[in-house]
Every structure is written in C-alpha cells, then in structure tokens.
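**Student:** I would like to see how this sequence folds:
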Amino acid sequence: MLRLPAFRFLQPTTIDEAVAFLAEDPGNTRLVAGGTDLWPNMKRRHQGAGTVVSLRGIEELCGIEEADDGGLVIGATTTLDTITDDERVQQRYPALVTAVASISSPLLRNAGTIGGNLCLDTRCTYYNQNEEWRRSIDYCMKEEGEICWVAPSSPRCWAVSSGDSVPMLCALGAEISLTSKEGERSLPLADLFLDDGIEYLSKRPDEIVTRIQIPAPSGERAAFWKLRRRGSIDFGVLSVAVAGWCNGDTTDRIEIWLGSVGSTPVRCAESIAALTGKPLDADTIASAAALARKSAGANPLGNTDFVPQWRGKMIEKYVEAVLREIAGLPRQRMAPNHG
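**Tutor:** This next block holds a predicted model:
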C-alpha cells in the first residue's frame, strides 16, 4: 500500500488565513481541495510538501454566483458534480457541462474541484509510475533526473496538460482570479498556462486560484469531444473544444482549443483564421480541421496512451466532428461517451 509522507496539515477558514500560511514557505507548501490529484502524486512521491494547506473549509471559495454581466462566477473549490448539476450552467454552457462530466468517474467528480482541474499536474507515461519504477530506469527531468525519456535529446519536459475543463473554458473566454498576500489579480484563463511540462503554470507559488468567471452567453454555439481508451475514468489523449459566433452563414468569430496534446492547451490559430468571415460548411470545416493538426504543439509524442501517429490523425478527425456539430451538419463518426 502506498502511504503519504509526513507533513503539517493546516485548515484555514478564510482566504486571508490561507495566503498567510502559503506565504510562510511557498516553495515547500501545497494547496489541496478535493485531493484527487495531489494525494496520489504525494503517495507516488511525484510531489512533496512540508506543509499542506486545505482550502475546503473556506466558504467564500465554494459555490456558483451570478456575475454582473449575466455570466457566472464559480468558486475554485466548487466540486465538479456541483457544476454539472447546476441548472444555470446547464442552460448557459451545455458544452462546459459535457467537458466537466467527462472528467474521471462520478466518485472523483464528487470530490474533485474546478480549481484543482485547472491546476492539474502535467502527465507522462514515464513520470506517472511508482517511485520504484522511476528509480529503476533513472528519473526523468520532471522528477529528479536530467533527461526527458520521451525525447532524450530535448532540453525541456514534454509532459501533457490534461485538464478537461480547460479547453472549453478557454474557448468561452473565461477569466480567473489569483490571490496572494500582495492582493488579487485577474487574467484570462489561457494566460495561466505555460508550454513546459515542469513549469506549466504562470501562477506564482504564493498565489491561490480563487474563482473562475465565464462571460455571459452571446449566441455562441459550442461543443466538446474527448478521446480516451475507455468511456470513463481514463485521462484523455485528446480533447477538442469549440465555440463559434455566426451571423447567418458567416462565421464572425470562432475559438478552437485542443487539450491533452501538449504541455499547454493549444489554440488552433490557423484553423480559426481559415474559418473567420467564411461560411461554416463541409468544405471550410474539412480545410480548417486539416490545419488543426499543424498547430503549434499539436504533434503528439509517445508520452501517453495510443500510438502518436494515430493520435495526430485523430486531431483532424475530432476537430472536423466538433465543427460539424456546431454547424448542424450530419454526424459522420460515433460521438464519444462522456457519461
């Protein structure tokens, strides 16, 4: 049985208390809410901490509220199933419900939080093994080693960002708030992520993600598809989130984001440019989908499930399928089971 290492466990009841605890030794302190990612990582010795600060007792971090613009503000410790069960989220952001419902299993969605999913540790076939296995082949650079076993000649880590709520929230233009002893700052959710498997968040060690704000719906059509080996529990090897704003047959604006293909969520800029100002029909969709595979960072490596070449082809197929869904065109392939 894998056991947790010894650490000091603190349970603040306010954000001020939490950031004060965190400021004492941010480099050796971890935050926990649901614990569905941190506890297994600490048991496998992927992550360590002298102090763990629990956020579950802070009421102001939990819940869903109306925003002034008609959108919604979601507290960072709001559980995933609370989000999928909320009628306002279901009515305004059904594609987000699909994305959140695809995360892991019902049991873990009952404990896991939206803030935890945003800050999910990057994953890799070589990194996400037990400590004895990793030690036997020599640690990778994300752990204590000096080499990336996925790309041995690479100077960087290629571990994958797999937070399934992230691509959809980025497509919808969500913003987050971060709080430290210095105060609060807000930034687009997309700016939270860095393209590095080790340093994958721009959040400082002394900051806490406190809330996520989603803009009010403005007529967008949105959809989310996820590829994984099983219909539940498994981490994805690809997710595609699209939100499009159309005026008649013309695409005024569209956002296409990929997850689980790189160390950061990938915005398909070339595909977006190919669709903007044009009709969303079978021909433009097929062209845009082909461009999606060429997006920066959207060339899968052998660091997760399935053969990389096949996963790369699935980028094109899944982007096409999701675009066809928001365009109202006939479905040409079986949709994934997100339940």
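
**Student:** Trp257 reaches Trp225, doesn't it?
**Tutor:** No. Distance between Trp257 and Trp225: 11.8 Å, which falls outside the contact criterion (C-beta atoms under 8 Å). Glycine gets a C-beta too; all of them are placed from N, C-alpha and C.

**Student:** which neighbours do these two share?
**Tutor:** Val240 (C-beta atoms under 8 Å, 6 or more residues apart in numbering).

**Student:** give me the buried positions along the lowest-mean-pLDDT helix or strand in the chain.
**Tutor:** Using mean pLDDT, DSSP states H and E, helix 131-137 stands out as the lowest-scoring helix or strand of the chain, at a mean of 87. For helix 131-137, burial by neighbour count (16 or more other C-beta atoms under 10 Å) applies to Arg134.

**Student:** residue contacts, Val322?
**Tutor:** Ala223, Phe224, Trp225, Val240, Ala241, Val242.

**Student:** now do it, the pLDDT please.
**Tutor:** In the predicted model, Val322 carries a pLDDT score of 97.

**Student:** what's the distance between the nearest residue to Leu329 once chain neighbours are set aside and Thr264?
**Tutor:** Distance criterion C-beta to C-beta, 6 or more residues apart in numbering; nearest residue to Leu329, sequence neighbours excluded, is Ala282 at 6.3 Å. Ala282 sits 31 Å away from Thr264, taking C-beta to C-beta, to the nearest Å as the criterion.

**Student:** centre of the chain to the longest helix out of those in the chain, how far?
**Tutor:** Ranked by residue count and defined by DSSP state H, the top helix of the chain is helix 308-327. In this view, helix 308-327 has its centroid 18 Å away from the chain centroid, taken as C-alpha atoms, centre = their mean, to the nearest Å.

**Student:** report the buried residues of that helix.
**Tutor:** So, applying 16+ other C-beta under 10 Å, buried residues of helix 308-327: 311-312, 314-327.

**Student:** same check, this time on stretch 266-279
**Tutor:** Along stretch 266-279, the positions that meet the burial threshold by neighbour count (16+ other C-beta under 10 Å) are Val266, Arg267, Cys268, Glu270, Ser271, Ile272, Ala274, Leu275, Lys278.

**Student:** tell me the gap between that stretch and the middle of its chain.
**Tutor:** Distance, stretch centre to chain centre, for stretch 266-279: 21 Å (C-alpha atoms, centre = their mean).

**Student:** kindly export it (C-alpha atoms) in PDB.
**Tutor:** Provided in PDB are the C-alpha atoms of stretch 266-279 (Å, rounded to 0.1, in the frame of the first residue of the first chain):
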ATOM      1  CA  VAL A 266      -3.400  24.600 -27.800                       C
ATOM      2  CA  ARG A 267      -5.300  27.300 -29.600                       C
ATOM      3  CA  CYS A 268      -5.700  26.400 -33.300                       C
ATOM      4  CA  ALA A 269      -4.900  29.800 -34.700                       C
ATOM      5  CA  GLU A 270      -4.500  28.700 -38.300                       C
ATOM      6  CA  SER A 271      -7.900  26.900 -38.200                       C
ATOM      7  CA  ILE A 272      -9.500  29.900 -36.600                       C
ATOM      8  CA  ALA A 273      -8.200  32.200 -39.300                       C
ATOM      9  CA  ALA A 274      -9.400  29.800 -42.100                       C
ATOM     10  CA  LEU A 275     -12.900  29.900 -40.800                       C
ATOM     11  CA  THR A 276     -13.300  33.600 -39.700                       C
ATOM     12  CA  GLY A 277     -15.500  35.500 -42.100                       C
ATOM     13  CA  LYS A 278     -16.400  32.400 -44.100                       C
ATOM     14  CA  PRO A 279     -19.400  30.000 -44.100                       C
END
